[in-house]
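In: Below are the sequence and a predicted model for it; my questions follow.
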Amino acid sequence: MPASSHQGSNTNTAGARSGSSVATTRHPAAARASTTADHPSSAVPRHIAIVMDGNGRWARRRARPRSFGHRAGQKAVRATVKYCLQRGVDVLTLFAFSSENWKRPSVEVGALMDLFLRALDKEIDELHANAVRVRFFGNLAAFSDTLRTRMQAAAVRTAGNARLTLNVCVSYGGRWDIARAIRLAAEAATRGELDPAAITEDTVAPYFCLADVPPPDLFIRTGGEHRISNFLLWQLAYTELYFTDTLWPDVDAAELDRALADYAHRERRFGCTPTPLPRAG
């Protein structure tokens, strides 16, 4: 399965603590800077995590099937990857398919799997050419052999790339991640590799997904909902939260600029005294 310190039907790694800031596109800071030139590169988040919400509503407003919205959302993914490459973001993590999404109608799930497969085939060459490392996190055993093979091939092919790490969370849930980390830690304790009496946040952190990259600095959710929906529950502890009413297929560089402009005006405290984001110059 995709690159991680723990191979198999899942992937494992990274940690954080508690206390997140929240904003929406109505936040005053967003109005103060709407172009990339308005905020310094030193304030660009190192790691951005996104819940891509709104494909179905976008399609419904156009009297089209939900699959039409999912295809449009693929274009937004492409634009977001390009944006992160241009802005110097190190890590982009996308919530592509949750563990709860399996409960959707079988026709929609089937269409999503087909789209995912075709997207892998279509996008991997360009991602590799742009030095993007692609990885997949979640209960990968839930997917077909064909799809798992394609994900594995994409991860192996791009493993040496270092310009941007693209983490795609599929069949993923934050509670699943926590339960899995506990199970892996328990197995390590059984083997005598971990002392149960000495377990701390630091000793269990390596068993979570994404442990080999910094926790997200900025979380973005599109589509107007103000919740994290079981995404990266451990990893988002100190992440800055940004919510926008914009539906995912409509997300473009201007929308991402607004999110980064808001982020640039945050004070990240991490439970301590205020620490303004670094400024250029």
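Out: Yep, that arrived.
In: Can you pull out the low-pLDDT segments for the protein?
Out: Along the chain, the model assigns pLDDT under 70 to residues 1-42, 270, 272-281.
In: Point to the residue nearest the middle of it.
Out: Central residue of the chain (CA atoms, centre = their mean): residue 93, 2.3 Å from the mean position.
In: can you count the residues close to residue 65?
Out: 15 (other CB atoms under 10 Å). All C-beta spots, glycine's among them, are computed from the backbone N, C-alpha and C.
In: again with residue 235
Out: Neighbours of residue 235 under the rule other CB under 10 Å: 27.
In: For it, give me the backbone phi and psi.
Out: In terms of degrees, to the nearest 10, the main-chain angles of residue 235 are phi -80, psi -20.
In: Also residue 209?
Out: Dihedral angles for residue 209 - degrees, to the nearest 10 - are phi -60, psi 150.
In: Go ahead and list the helix or strand containing the residue nearest to the centre of the chain.
Out: strand 91-98 (DSSP states H and E).
In: hang on, the earlier thing: identify the residues contacting the residue nearest to the centre of the chain.
Out: 47-50, 166-169, 210, 216, 232 (CB atoms under 8 Å, 6 or more residues apart in numbering).
In: Closest one to residue 74 out of those residues, please.
Out: Proximity of these to residue 74 (CB to CB) peaks at residue 168, which lies at 12.2 Å.
In: Which elements pack onto the host helix or strand of that closest one?
Out: For residue 168, the element it lies in under DSSP H and E is strand 164-172. Where contact means 3 or more CB pairs under 8 Å, 6 or more residues apart in numbering; DSSP states H and E, strand 164-172 is packed against helix 66-87, strand 91-98, strand 132-137.
In: and of the ones you listed, who's closest to residue 254?
Out: helix 66-87 (10.1 Å).
In: Send me that closest one as PDB with only the CA atoms.
Out: Provided in PDB are the C-alpha atoms of helix 66-87 (Å, rounded to 0.1, in the frame of the first residue of the first chain):
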ATOM      1  CA  ARG A  66     -24.200  14.100  -8.600                       C
ATOM      2  CA  SER A  67     -21.600  12.400 -10.800                       C
ATOM      3  CA  PHE A  68     -21.400  15.600 -12.900                       C
ATOM      4  CA  GLY A  69     -20.500  17.500  -9.700                       C
ATOM      5  CA  HIS A  70     -17.800  15.000  -8.800                       C
ATOM      6  CA  ARG A  71     -16.200  15.300 -12.200                       C
ATOM      7  CA  ALA A  72     -16.200  19.100 -11.800                       C
ATOM      8  CA  GLY A  73     -14.600  18.700  -8.400                       C
ATOM      9  CA  GLN A  74     -11.700  16.900 -10.100                       C
ATOM     10  CA  LYS A  75     -10.900  20.100 -11.900                       C
ATOM     11  CA  ALA A  76     -10.800  21.900  -8.600                       C
ATOM     12  CA  VAL A  77      -8.400  19.400  -7.200                       C
ATOM     13  CA  ARG A  78      -6.100  20.000 -10.200                       C
ATOM     14  CA  ALA A  79      -6.300  23.800  -9.700                       C
ATOM     15  CA  THR A  80      -5.600  23.400  -5.900                       C
ATOM     16  CA  VAL A  81      -2.500  21.200  -6.500                       C
ATOM     17  CA  LYS A  82      -1.200  23.800  -9.100                       C
ATOM     18  CA  TYR A  83      -1.900  26.600  -6.500                       C
ATOM     19  CA  CYS A  84       0.000  24.800  -3.800                       C
ATOM     20  CA  LEU A  85       3.000  24.200  -6.100                       C
ATOM     21  CA  GLN A  86       3.000  27.900  -7.000                       C
ATOM     22  CA  ARG A  87       2.800  29.100  -3.400                       C
END
